[in-house]
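*Asks:* need the 3D shape of this:
(chains A and B)
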Amino acid sequence: DAGVTQSPTHLIKTRGQQVTLRCSPKSGHDTVSWYQQALGQGPQFIFQYYEEEERQRGNFPDRFSGHQFPNYSSELNVNALLLGDSALYLCASSLAMIGGFSGANVLTFGAGSRLTVL
Amino acid sequence: AQSVTQLGSHVSVSEGALVLLRCNYSSSVPPYLFWYVQYPNQGLQLLLKYTSAATLVKGINGFEAEFKKSETSFHLTKPSAHMSDAAEYFCAVSGAGGSNYKLTFGKGTLLTVNP
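*Replies:* Now for the predicted structure:
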């Protein structure tokens, strides 16, 4: 049973460029969340996608956008890259519960995409 | 609003010694609490979770945590450390629903196990 897969694993960009990160959720999962983990910090919630819509967003600027496809896979796009965007970007998938989302849902995390902005 | 404070960014123990990683939370709603472990170059793996059932929660690899509402704590323990336990550990909190279901993580505690 494949878990969450992310690509690419590593990438280097320069300031001002744009980047797209991809995520395939665990089989059977329909909800994808993205987290940013800066060096020495805990992961921070960026946004969550369910039924191809952004359902909740953390404290990140509009430069961060996403998409979810009918097969539940997802992309994270970051425009106008800044040095401070250098981080490990984690994708996590889960299964939405009947009646809505629950904080008790267990997230399955991928290994992440490490972005370096020069 | 929810937040997590992990006391001690780095904990070092000897193999066979007790492991204690501290976590305090703040939540305006009844919380769900989690401990995740992250090995180098890997994603986060769930160790255990508290969802308002038993206050003592047992997880994988011999870890357990106790929810103490009066102390707003959810400390992680393991009676005897193994070399393979060396990793970074994250405590996280979420709420019961509404806008609170996202995970809020602490800054992590790096566990070193000495032979």
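
*Asks:* tell me the centre residue of the chain?
*Replies:* Answering for chain A, as no chain was given. In chain A, the C-alpha nearest the mean C-alpha coordinate belongs to A:W34, at 2.5 Å (C-alpha atoms, centre = their mean).

*Asks:* ah, I was thinking of chain B
*Replies:* Central residue of chain B (C-alpha atoms, centre = their mean): B:W35, at 3.3 Å.

*Asks:* got the residues of chain B near chain A?
*Replies:* Residues of chain B found near chain A, taking C-beta under 8 Å from any C-beta of the partner chain as the criterion, are B:4, B:31-32, B:34, B:36, B:41-46, B:49, B:51, B:90, B:92, B:94-97, B:99-108. (C-beta placed from N, C-alpha, C; glycine too.)

*Asks:* so who does B:L20 touch?
*Replies:* B:V11, B:H75, B:L76, B:T77 (C-beta atoms under 8 Å, 6 or more residues apart in numbering or on different chains).

*Asks:* try B:Q45
*Replies:* A:F109, B:Y36, B:V37, B:Q38, B:Y39.

*Asks:* spatially nearest residue to the first one (excluding sequence neighbours)?
*Replies:* This points to A:F109. Excluding the flanking residues, the one nearest A:F109 by C-beta to C-beta, 6 or more residues apart in numbering or on different chains is B:G43, at 3.7 Å.

*Asks:* tell me if I'm right that that neighbour and A:V4 touch.
*Replies:* Yes - counting by C-beta atoms under 8 Å, B:G43 touches A:V4, with 7.1 Å between them.

*Asks:* between these two, what contacts are shared?
*Replies:* In contact with both B:G43 and A:V4: A:F109, A:G110, using C-beta under 8 Å, 6+ apart.

*Asks:* thinking again about what came up before, drop anything exposed from the contacts of B:Q45.
*Replies:* Buried by 16 or more other C-beta atoms under 10 Å in any protein chain shown: A:F109, B:Y36, B:V37, B:Q38, out of the contacts of B:Q45.

*Asks:* the host helix or strand of the third one pairs with which strands?
*Replies:* With the criterion set as DSSP states H and E, the secondary-structure element containing B:V37 is strand B:32-38. Each strand pairing with strand B:32-38, determined using DSSP bridges, is listed with its direction: strand B:44-50 (antiparallel), strand B:87-94 (antiparallel).

*Asks:* wait, does stretch A:42-53 make contact with chain B?
*Replies:* Yes - counting by C-beta under 8 Å from any C-beta, chain B is contacted by stretch A:42-53 at A:G42, A:P43, A:Q44, A:F45, A:Q48.

*Asks:* next one: stretch A:87-97
*Replies:* Yes - in terms of C-beta under 8 Å from any C-beta, part of stretch A:87-97 sits within range of chain B, namely A:L90, A:A92.
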